[in-house]
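Participant: Following is a predicted model, sequence given first.
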Amino acid sequence: MCNFAMMNRLLSLSTLFFMTTSLYSQGVLISPLNSRAVVEKNIPDVISLGITDTLSLPFFEDFSQNKNGQPNDALWVDRDVWVSNSFTNAPVNAYVAVFDHLTPQGKPYGTINQGSSIHADSLTSQPIDLSSYNESDDIILSYFWGAGGLGDAPEIEDSLKLYFKNDTGAWIQRWAVGGSNANQSMTFASERINDGTFFHGAFQFMFVNYTKETGNLNHFFVDYISVAENRLKDTTYKGFKDIGAVNSSGSLLSEYSQMPYSHFLLSPGSNMKGDHCVRIRSLHDNQVVQTRFGVNYYNQYGTKVAFVPDATNAKNINADSFAQFCFPTPELDTLSGDNPFLRVEYVINPLGGTEYPVDNNAQSNNNLFSYTQQFNPWYAYDDGSAEGGIGLDYTNLPTNHKGQFAVKFNTKKPDSIKGVAIYFNRSKEDVSFRSFKLKLWDELSAVGLPDNSDKVLYSQEVFKPAYTDSINGFAYIMFDSAIALPIGDFYIGWEQSQKFLLNVGYDNNYRFESQERFNPNVFFNLLNSWKKGFNIFGTPMMRPIIGQDKDFYFGTESLALSKVQLYPNPASTTITFKNLPEKSSIHILSVDGRVLKQSNSSTIDIRNLNKGMYFAQIYHESNLKIVRFIKY
């Protein structure tokens, strides 16, 4: 069923799996789906929740300035779709609406069931007043749609549909496209509003996907939506007068997307890329447009610390093409604080020929694009968004059989590791009841040889994957004490003793050394020897948390949580959080990552907890603090 609740969808996105070996051999799985019967379910007849205003023509949305993963509530009623910039490999411009089988909180709609299908995500416009129009006004709704991309291609039973709301409140289907088990690049489509029953004061349109109940799979995309009059010529695509940003080259770091700042400072030059780039797209059908490029740099306090004016850089952009412009990477060793960040704001200035969004009442500027380079107390290869899930393929192996998976990291100086952040992807099957062993290795046995030379530094039983609705979808599994790390290579991963797909998040945008080649940092072991995943090009979303044995804090927008204190510690009856910001939430976790309590209160009763060690995870906006405490 469609979910029209007004809720936040936090960064807990995941999706497809990959088949990196044959279906009939062991290895690493990123998964096919089984065949299934389709069970039809009705969409709702009326949408009222979330209506805030009645709009007038023209209507335009390209999602280009999205900052929180949600549709703009000035234009849209519901919050079901995820607005993302990581799924399409040939986008119209920055950000698209992604349709899957996840609620705004990143949870599947109900129980995962590969044998049935439902109407899942919807994208419903605010009411539009068409009462003064008629068929002769040639009102056209146009849009681009796509499927699969870097995510999962919808299957034949899946579909994306478009509905119009008539003057009786009924939703009338006007367009639909089915899945094909293949990726579909962003494709122009249009639908004329020519039925008299649609010309009323509260017209709405709605996109909705019909999909298997498999969580974050079967992806459709919609972008660049426009409704305007006098558009009879736009029933076929002949380009738009627009040049907009698409994305950037991402991290300014040479090896990681994020790393501890103190480690970076040991050798800033070798830890940085030489340049960074912004990518744009021209939608023109025949016009070459001279375009200028600039960039602004802001620290975590919002202060502009450097800039390159657009007047100094120009490039001719061909019609109907992609292009990029690169800048030298600025010095990053002058930032302040333990976990600073630098926001990079790219400025694109086409000299003419960009009238379409402006003329059609665009509420955002697709000539700006930002990327934030974060320094946090972990090493990360991934960009924080999962296009897939990854796990061990037990094909032809006994059900009760040991399997291991590992990712290699390299610490730049001696330090300590005190936990691991893992993104658990929700799709295909529910493994929330499965247990596994989190492992830390100083060294793995040589690839292809018996694994009896492994050097395990630490292992910890985890009784189930910690699916989370908070921050960015990562679960933070903390060790009972920090483990010393020497400089050099180490490995984090897991061991399982039964046949299931753990389904750790998979970032399909990552490429080792920015090259189209396999990721040499990923290893798996199903037959008592380690192998490399030669068909794994992306990266599993696992991050070693680095630092001494003390409170763990990171944040990207405010320092509100840095002042929070837990007392008493140890405690026997209640714990209290001093200086807790408003609208904070607290999760109490066991040492194996299970969430035992959730609260929004500054005081929590812990009398029903057993004696031992626990972790309090404190969330506020885009910030997290983890505090260890003892129950006695």
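Facilitator: The structure has been received and is ready for your questions. Residues are numbered from 1 along each chain as shown.

Participant: Setting aside sequence neighbours, what's the nearest residue to residue 194?
Facilitator: residue 135 (4.8 Å; Cβ to Cβ, 6 or more residues apart in numbering). C-beta here means a position set from N, CA and C on the backbone, and glycine is covered the same way.

Participant: Equivalent analysis for residue 521, please.
Facilitator: The nearest residue in space to residue 521 (Cβ to Cβ, 6+ apart) is residue 408, at 4.3 Å.

Participant: buried set for the strand or helix carrying the one you found?
Facilitator: Assessed by DSSP states H and E, residue 408 sits inside strand 403-411. Within strand 403-411, the residues that qualify as buried are 403-409, 411, counting by 16 or more other Cβ atoms under 10 Å.

Participant: Let's verify the residue located most distally from the centre of the chain: helix, strand, or coil?
Facilitator: Here the chain reaches farthest from its C-alpha mean at residue 136, the gap being 43.1 Å by Cα atoms, centre = their mean. Assigned by DSSP: H, G, I helix; E, B strand; the rest coil, the conformation of residue 136 is helix.

Participant: how far does the one helix or strand residue 116 maps to sit from the chain's center?
Facilitator: Residue 116 belongs to strand 113-124 when assigned by DSSP H and E. Put simply, strand 113-124 sits 20 Å off its chain's centre (Cα atoms, centre = their mean, to the nearest Å).

Participant: on contacts alone, who are the packing partners of that strand?
Facilitator: Secondary-structure packing of strand 113-124 (3 or more Cβ pairs under 8 Å, 6 or more residues apart in numbering; DSSP states H and E): strand 96-99, strand 205-213.

Participant: the helices in the protein, which residues?
Facilitator: 261-264, 268-271, 355-359 (DSSP state H).

Participant: in the longest one, what's buried?
Facilitator: Taking 16+ other Cβ under 10 Å as the neighbour-count basis, helix 355-359 is seen to contain the buried residues 356-357.

Participant: And the contacts of that helix?
Facilitator: With Cβ atoms under 8 Å, 6 or more residues apart in numbering as the test, helix 355-359 has contacts from 58, 60, 62, 240-242, 244, 283, 366.

Participant: what stretches of the chain score poorly on pLDDT?
Facilitator: 1-26, 29-50, 67, 112, 427-430, 464, 466-472, 549-559, 622 (pLDDT under 70).

Participant: again, 50 this time
Facilitator: Applying pLDDT under 50 to the chain picks out residues 1-25, 31-49, 470-472, 557.

Participant: How is it partitioned into domains?
Facilitator: 33-235, 243-374, 388-546, 552-631 (automatic domain parsing).

Participant: Just send those domains back as JSON lines, with distance to residue 381 too.
Facilitator: As requested, the domains of the chain are arranged in JSON lines below (distance: least, Cβ to Cβ, whole Å):
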{"stretch": "domain 33-235", "distance to residue 381": "14"}
{"stretch": "domain 243-374", "distance to residue 381": "6"}
{"stretch": "domain 388-546", "distance to residue 381": "4"}
{"stretch": "domain 552-631", "distance to residue 381": "17"}
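
Participant: For residue 382, which of these is the nearest?
Facilitator: Smallest distance to residue 382 across the domains of the chain (Cβ to Cβ): 3.8 Å, for domain 388-546.

Participant: Residue 366 contacts residue 62, doesn't it?
Facilitator: Yes - using Cβ atoms under 8 Å, residue 366 makes contact with residue 62 at a distance of 5.7 Å.

Participant: Now do the shared contacts for the two.
Facilitator: 93, 244, 357.

Participant: need those in a markdown table with distance to residue 447, can you?
Facilitator: Listed next are the shared contacts of residue 366 and residue 62 as a markdown table, based on distance: Cβ to Cβ, whole Å:
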| residue | distance to residue 447 |
| --- | --- |
| 93 | 43 |
| 244 | 45 |
| 357 | 52 |
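
Participant: List just the nearest of those residues to residue 79.
Facilitator: Among those, and counting by Cβ to Cβ, the member closest to residue 79 is residue 93, at 21.8 Å.
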